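Chemist: Curious how this folds, go ahead:
(chains A, B, C, D, E and F)
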Number of protein chains: 6
Amino acid sequence: MSQFQRSGARAADQLRPVRITRNYTIHAEGSVLIEFGNTKVLCTASVEEKVPGHKKGSGEGWVTAEYGMLPRATHTRSDREAARGKQSGRTQEIQRLIGRSMRAVFDLKKLGERTIYLDCDVLQADGGTRTAAITGAFVAAQDAVNQLMAQGKLSASPILDHVAAISVGIVQGTPLLDLEYTEDSACDTDMNVVMTGAGHYVEVQGTAEGAAFSRQEMDALLALADKGIHDLVLMQKQALSEE
Amino acid sequence: MSQFQRSGARAADQLRPVRITRNYTIHAEGSVLIEFGNTKVLCTASVEEKVPGHKKGSGEGWVTAEYGMLPRATHTRSDREAARGKQSGRTQEIQRLIGRSMRAVFDLKKLGERTIYLDCDVLQADGGTRTAAITGAFVAAQDAVNQLMAQGKLSASPILDHVAAISVGIVQGTPLLDLEYTEDSACDTDMNVVMTGAGHYVEVQGTAEGAAFSRQEMDALLALADKGIHDLVLMQKQALSEE
Amino acid sequence: MSQFQRSGARAADQLRPVRITRNYTIHAEGSVLIEFGNTKVLCTASVEEKVPGHKKGSGEGWVTAEYGMLPRATHTRSDREAARGKQSGRTQEIQRLIGRSMRAVFDLKKLGERTIYLDCDVLQADGGTRTAAITGAFVAAQDAVNQLMAQGKLSASPILDHVAAISVGIVQGTPLLDLEYTEDSACDTDMNVVMTGAGHYVEVQGTAEGAAFSRQEMDALLALADKGIHDLVLMQKQALSEE
Amino acid sequence: MSQFQRSGARAADQLRPVRITRNYTIHAEGSVLIEFGNTKVLCTASVEEKVPGHKKGSGEGWVTAEYGMLPRATHTRSDREAARGKQSGRTQEIQRLIGRSMRAVFDLKKLGERTIYLDCDVLQADGGTRTAAITGAFVAAQDAVNQLMAQGKLSASPILDHVAAISVGIVQGTPLLDLEYTEDSACDTDMNVVMTGAGHYVEVQGTAEGAAFSRQEMDALLALADKGIHDLVLMQKQALSEE
Amino acid sequence: MSQFQRSGARAADQLRPVRITRNYTIHAEGSVLIEFGNTKVLCTASVEEKVPGHKKGSGEGWVTAEYGMLPRATHTRSDREAARGKQSGRTQEIQRLIGRSMRAVFDLKKLGERTIYLDCDVLQADGGTRTAAITGAFVAAQDAVNQLMAQGKLSASPILDHVAAISVGIVQGTPLLDLEYTEDSACDTDMNVVMTGAGHYVEVQGTAEGAAFSRQEMDALLALADKGIHDLVLMQKQALSEE
Amino acid sequence: MSQFQRSGARAADQLRPVRITRNYTIHAEGSVLIEFGNTKVLCTASVEEKVPGHKKGSGEGWVTAEYGMLPRATHTRSDREAARGKQSGRTQEIQRLIGRSMRAVFDLKKLGERTIYLDCDVLQADGGTRTAAITGAFVAAQDAVNQLMAQGKLSASPILDHVAAISVGIVQGTPLLDLEYTEDSACDTDMNVVMTGAGHYVEVQGTAEGAAFSRQEMDALLALADKGIHDLVLMQKQALSEE
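Modeler: Model (predicted):
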């Protein structure tokens, strides 16, 4: 089967250029601009010294996420969700995914009765916004936790491991890592994979957009994801090691 | 590793008793009560001779789904979504999943400019409501298509293959097929798998509720799902063969 | 005036076949499927050990109802109220009526500071859904109260009398008991009557759909309702006497 | 049984002073301030040369009503429905009742494809706001129809008869006509009756607030309503005869 | 420049006839109908012995306003905001303006932990509804405060000064005071000015509807507003001096 | 009167450092990041070849704006408006102001039947977000118009003049230009002024936050605004002259 040609001569198993900018804005406890090529997501971590109702009095904290996209982050303008008066099903699905992914590497007991909100707002979209959001939100959360520890509010880190996410998919028969928008629109199968630094799965969400996919294709996709997550976790560590 | 003991001495790779009752109500073009043990979902298929805006003039039809749960389908009463004034993120996620699963086996061109609505309403819940809904909705959709063909409105069936769904998960280290509620609440990993009659994947949604899961565990879960779907497709065929 | 011919050779003062199935679902404190011919309503009673704001600290309990109709309970599919984001005026009117009817036979002081929710969900509609809902909800409420008494949470029953409801109307000049859908659509006058076991009125709601109605017609309708309620109360007693 | 003493030595079968002021505001096609004692409702009729979807192309018109209460029309301030973002069940029930009552005396074919909106806004409440609204809305509707006829837009009046409404109830065992607020709060049974000029029923809505009521009590209430409506129709005619 | 001719030979710097009717309705602590020509706004002041969350425990009170317009207060019927399910941006802007204007002359500490709600409902509109609302709301607020003092709930008045408002604008090159609707629709510049009895500015909101306006034009408008407010404050004092 | 000391030794009549970055994102027809010190607003202009209902068939176009603030643009996290399900009154006020300001310098006839949406999203807030938004939105709008002209869709520019905005206020008795957040929170009077390149007023919105302000103070504020706008228009021109 002839290979699908990616833009910029990118290899099938190659990530787009990833950039992680910490302290992108000044108010939040953690503030990270993450770029996967032309996809740019601002991830802020906000700490509040209270918890939602279902955690009150439990001694445990909570980690949750919200996701949004600026109206013109995309090729054509989308309606502003605040103006329409509700979040779309897609938005809710994504923010629930980000929240679960973060909680998978958090020990909520060690966090104490406080909440970390991760706000992931897409400034520019070119495919993979939810995976960029998860990967960036982790860095913002780590910065917020570091600040809590520096302030003496936490004695031990509630963060158990890294978490990162990447999309994989099959375009014209070729399994590809980190789909950009044109690839995403054309793909037969689209899978988002969230993994820990230890290489275990937190979430696997694969969808046949066109034809249903075989077990063999799934194995190829999971192998690509494995490689991509490995690279992303290294970049998170690199970003967090800088002053 | 010691095996987790399932209720009713059910084997790890065994489905709960499945019952598919066609023509459960009288008005809909397809009306199926599907039971996975104590989980009971009423799936109706309604045909409307019009399509949503994004399909108008395309010559293609549309297949979509809505999901609901009666307030006391569950152990404790949940708020009625109609009274609260909005569907939860969970509800939207599930109905989007059902819709995508149905469309994966539909040739929308062959359907013509009409819409099939699949309404999946949970009368009683005991785990696996979304997988029961998908499995039952397929049968209701097939009944509606058969009626359209009998009426001469369709000359060829737009349905390309069967589609069915099952949950799998890891409970206390044991991979299990078709989780009931007590298993679902206790599981470390929960995966919903949607497959075609031909044995290909339409959706794979795995979530680590507790610890992240390994590749080996994923393989075990996918094997269980494979078996479960195979059985469910046979039951769909059996149900559809009856007068 | 020639008599209107009813389906199944039903007499003008005859109820449709009524079936009351207790314990229809497993989770609720009371769960009743009531059928008036082809009209099928699932009525569940849920007990919660708290009261709404206006009863807090009063020593009194509360009894309230919610009503819904599955989208394809009807001949043509209706919009799902949860998806539209609000309950229709009709839905609210009906659930307020059910709630008032139940409270008419409840001593809220004897109930203590707890709430009974009656959820009435129409699985299949063929006229008379609100009267079936009231008649079935009473049985579900009685089952829930019996359970509270068996658990020792109540020493005396807060239920003062039976309550049941029936529709009556004038179709082509003929007063009829228990209208089915085709009769309901064709009627000039439509009246819903809610009465106690003692034969007193709880609610009388008569509406001229076509021509305004005379006092003589009203008297004929009230007489029919009287008979119908008498029969329904007997059926409630019969159903409740079964194990 | 000792008689309940009414304020101002009002007899049991006596209406409060009724005042009907036409042309109360300047913009509407009909604008009536109606007063039942201290209850004051502004009823405007607005004509629009279009019909709602279900009447398009039918050649018929539509008559509909909306009801509101100023936040401080009542003893204590109520939330503004526009600020809360929805109309209460009570509001919807009342505006549906007003709409049905008006349509009962309208020949929609003769109205042609136009809509008459009746907006009934309570400036001051002291019981009986819905019955005052119906009685006043009729006068506003008549003024709007007269204007359409004067403009040559209608050649024959679509209004078939008068319609008016009154409340009756049983307070401390005494049947009373036209309840004011203190009577309404104390009553055992509350009934709203809508009748035509010809003395036929359009709507009868009786509710047992306390004990259920007997047939004998109902007969007493209907007799009172009959008298009250007769008086109100005379006052409508008187008001409409003035320049 | 030729002068614009105003209706009723009104001079450019002349207010429309202003009428302030206190105790217009019976329930509210203050109730004022204010008329600026054909513009009629009912302003009620309601006292509640509690404060919103941001003032709890502060020892301070709160003064806030809500604004509404009856659907047919205007030339053509507007949608009812309660039925549409939300207040328009215009409505919110106006009620925020009224609230700020009232608070500008209130010492919230002296008010104590209670809230005064000012409900301003337009019964009939002919331009200048927000300025009439502010001017009338002040009188209603003063009546409510007087009642609190008479009841001994307040020992000193929390009201620091009068506040009133007027519109000014430039129509066909002529600066005019107190625009009526036809002037407002035709104006190039529209300015609402809120001032205290001492002649200081509380709010100045000028908008170029057509061409942008010069500093010289602004000065002319401010001079007109100055005169108008001076007159209105006198009328407020006159109205408040009557029994 | 002793002068208030501004951060960074800024003079009372000095703007914060202003930075205007064009083409900040890639999809929009105009995309500008504008910074007033630490306030950062992303302004995009999106062209759609259709108009809202009230302009259909008029031959005229429309220019409108929406405004949003990321949840953690501020010192403490604010609720996400999309999640709450409505835009605040403040948000609506601001976006209406931006829209009017843009339309003040647009000839809608020359624009033709198309709409320009200006989305102003605050990434980081430190006072003056609405004035930065207006100033930046103008540049984005100019870029969008330039693109329409380059594409031959417009032969003449519909833009009549520059428009820019600045805040002024009185802090501790000192009139200041371009308030930052700490100044804004402490000010007695706050005024937002929108002016054209020709130096005329489009909007003047002054509010006494504390004491009412005198005519002399207003004159001082208007003079400051005049200077600020003059500087901002020069910066807009400089930014637009760059490739």
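Chemist: could you measure residue A:144 against residue E:74, distance?
Modeler: According to CB to CB, to the nearest Å, residue A:144 stands 52 Å off from residue E:74. Where you see a C-beta, it was placed from the backbone N, CA and C, and this is true even at glycine.
Chemist: Could you check which of those two is surrounded by more residues?
Modeler: Taking other CB atoms under 10 Å in any protein chain shown, residue A:144 and residue E:74 do not tie; residue A:144 has more neighbours (22 against 17).
Chemist: Run a quick neighbour tally on residue A:8.
Modeler: Residues near residue A:8, counting by other CB under 10 Å: 9.
Chemist: you'd agree it is in a helix?
Modeler: Yes. Assessed by DSSP: H, G, I helix; E, B strand; the rest coil, residue A:8 belongs to a helix.
Chemist: Tell me the pLDDT of the closest residue to residue A:48 other than its chain neighbours.
Modeler: Among residues not flanking residue A:48 along the chain, residue A:115 sits closest, at 4.9 Å (CB to CB, 6 or more residues apart in numbering or on different chains). Note on residue A:115: pLDDT of 98.
Chemist: show me the contacts for residue A:115.
Modeler: A:47, A:48, A:50, A:51, A:52, A:61, A:62, A:63, A:64 (CB atoms under 8 Å, 6 or more residues apart in numbering or on different chains).
Chemist: go on, residue A:236?
Modeler: Counting by CB under 8 Å, 6+ apart, residue A:236 touches A:20, A:135, A:138, A:139, A:142, A:162, A:164.
Chemist: dump the residue contacts of residue A:130.
Modeler: Going by CB under 8 Å, 6+ apart, residue A:130 touches A:67, A:94, A:97, A:98, A:165, A:167, A:192.
Chemist: repeat that for 7 Å
Modeler: Residues near residue A:130 by CB atoms under 7 Å, 6 or more residues apart in numbering or on different chains: A:94, A:97, A:98, A:192.
Chemist: what secondary structure does it sit in?
Modeler: Secondary structure, three-state DSSP: residue A:130 is helix.
Chemist: what's next to stretch A:203-216, contact-wise?
Modeler: Outside stretch A:203-216, the residues that touch it by CB under 7 Å, 6+ apart are A:97, A:100-101, A:170, A:187-194, A:218, A:221, B:100, B:104, B:196, B:200-207.
Chemist: what about residue A:82, distance to chain F?
Modeler: Plainly put, residue A:82 is 4 Å away from chain F if you go by CB to the nearest CB, to the nearest Å.
Chemist: Same check on residue A:57?
Modeler: For residue A:57, the distance to chain F - CB to the nearest CB - is 23 Å.
Chemist: how near is that residue to chain C?
Modeler: With distances taken as CB to the nearest CB, residue A:57 is found 17 Å from chain C.
Chemist: Now do the same for that residue: helix, strand or coil?
Modeler: Three-state assignment for residue A:57 (three-state DSSP): coil.
Chemist: That one: neighbour count?
Modeler: 8.
Chemist: ok, now residue A:163?
Modeler: 29.
Chemist: How about stretch A:225-233, which residues are buried there?
Modeler: Within stretch A:225-233, the residues scored as buried using 16 or more other CB atoms under 10 Å in any protein chain shown are A:225, A:226, A:228, A:229, A:231, A:232, A:233.
Chemist: got the CA positions of that stretch in CSV?
Modeler: Extracted C-alpha coordinates of stretch A:225-233, given in CSV (Å, rounded to 0.1, in the frame of the first residue of the first chain):
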residue,chain,number,x,y,z
ALA,A,225,0.7,5.9,20.5
ASP,A,226,3.2,4.2,22.8
LYS,A,227,6.1,5.9,21.0
GLY,A,228,4.4,9.3,20.9
ILE,A,229,3.6,9.3,24.6
HIS,A,230,7.1,8.3,25.5
ASP,A,231,8.4,11.3,23.6
LEU,A,232,5.8,13.7,25.1
VAL,A,233,6.7,12.6,28.7
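Chemist: Quick one: mean pLDDT for it?
Modeler: For stretch A:225-233, mean pLDDT rounds to 98.
Chemist: what sits opposite residue A:63 in the beta ladder?
Modeler: Beta bridges link residue A:63 to residue A:116, judged by DSSP bridges.
Chemist: Verify the contact between it and residue A:104 for me.
Modeler: No. At 9.6 Å, residue A:63 and residue A:104 do not qualify as touching, with contact defined as CB atoms under 7 Å.
Chemist: Next up, the contacts around the closest residue to residue A:108 other than its chain neighbours.
Modeler: Once flanking residues are discounted, residue A:108 sits nearest to residue A:60: 4.2 Å by CB to CB, 6+ apart. By CB under 7 Å, 6+ apart, the residues touching residue A:60 are A:108, A:109, A:113.
Chemist: same thing but at 8 Å, please
Modeler: A:51, A:108, A:109, A:111, A:112, A:113.
Chemist: What confidence value was assigned to it?
Modeler: The confidence metric pLDDT takes the value 96 at residue A:60.
Chemist: what's the answer for residue A:205, then?
Modeler: For residue A:205, the model assigns a pLDDT of 97.
Chemist: in chain A, what residue is nearest chain C?
Modeler: The minimum distance from chain A to chain C, using CB to the nearest CB, falls at residue A:86 (7.7 Å).
Chemist: Isn't that residue up against residue B:86?
Modeler: Yes. If you go by CB atoms under 8 Å, residue A:86 and residue B:86 touch, sitting 6.7 Å apart.
Chemist: so what sits against both of those two?
Modeler: Residues touching both residue A:86 and residue B:86 (CB under 8 Å, 6+ apart): C:85, F:85.
Chemist: Output the contacts of residue A:115 in JSON lines, with distance to residue E:121 appended to each entry.
Modeler: Listed next are these as JSON lines, based on distance: CB to CB, whole Å:
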{"residue": "A:47", "distance to residue E:121": "44"}
{"residue": "A:48", "distance to residue E:121": "39"}
{"residue": "A:50", "distance to residue E:121": "39"}
{"residue": "A:51", "distance to residue E:121": "42"}
{"residue": "A:52", "distance to residue E:121": "38"}
{"residue": "A:61", "distance to residue E:121": "47"}
{"residue": "A:62", "distance to residue E:121": "43"}
{"residue": "A:63", "distance to residue E:121": "46"}
{"residue": "A:64", "distance to residue E:121": "41"}
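Chemist: Would you mind putting those into a markdown table with neighbour count alongside?
Modeler: What follows is those, written out as a markdown table (neighbours: other CB atoms under 10 Å in any protein chain shown):
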| residue | neighbour count |
| --- | --- |
| A:47 | 21 |
| A:48 | 14 |
| A:50 | 11 |
| A:51 | 20 |
| A:52 | 9 |
| A:61 | 25 |
| A:62 | 21 |
| A:63 | 26 |
| A:64 | 17 |
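Chemist: So which of those residues is the closest to chain B?
Modeler: residue A:64 (11.7 Å).
Chemist: need the contact list for the closest one.
Modeler: A:52, A:99, A:102, A:115, A:116, A:117, A:118.
Chemist: In chain A, mark out all the strands, start to finish.
Modeler: Taking DSSP state E as the criterion, chain A contains strands spanning A:18-22, A:30-36, A:39-48, A:62-69, A:115-124, A:163-171, A:174-177, A:189-196, A:201-208.
Chemist: Could you check how far the fourth one is from the centre of its chain?
Modeler: Centroid displacement of strand A:62-69 relative to its chain, using CA atoms, centre = their mean, to the nearest Å, is 11 Å.
Chemist: now do the shortest one
Modeler: With CA atoms, centre = their mean as the basis, strand A:174-177 stands 19 Å off its chain's centre.
Chemist: and that strand, is it in reach of chain B?
Modeler: No. Strand A:174-177 is not in contact with chain B by CB under 8 Å from any CB of the partner chain; minimum separation 13.9 Å.
Chemist: Burial check on residue A:76, number of neighbours?
Modeler: The local packing of residue A:76 (other CB under 10 Å) involves 9 other residues.
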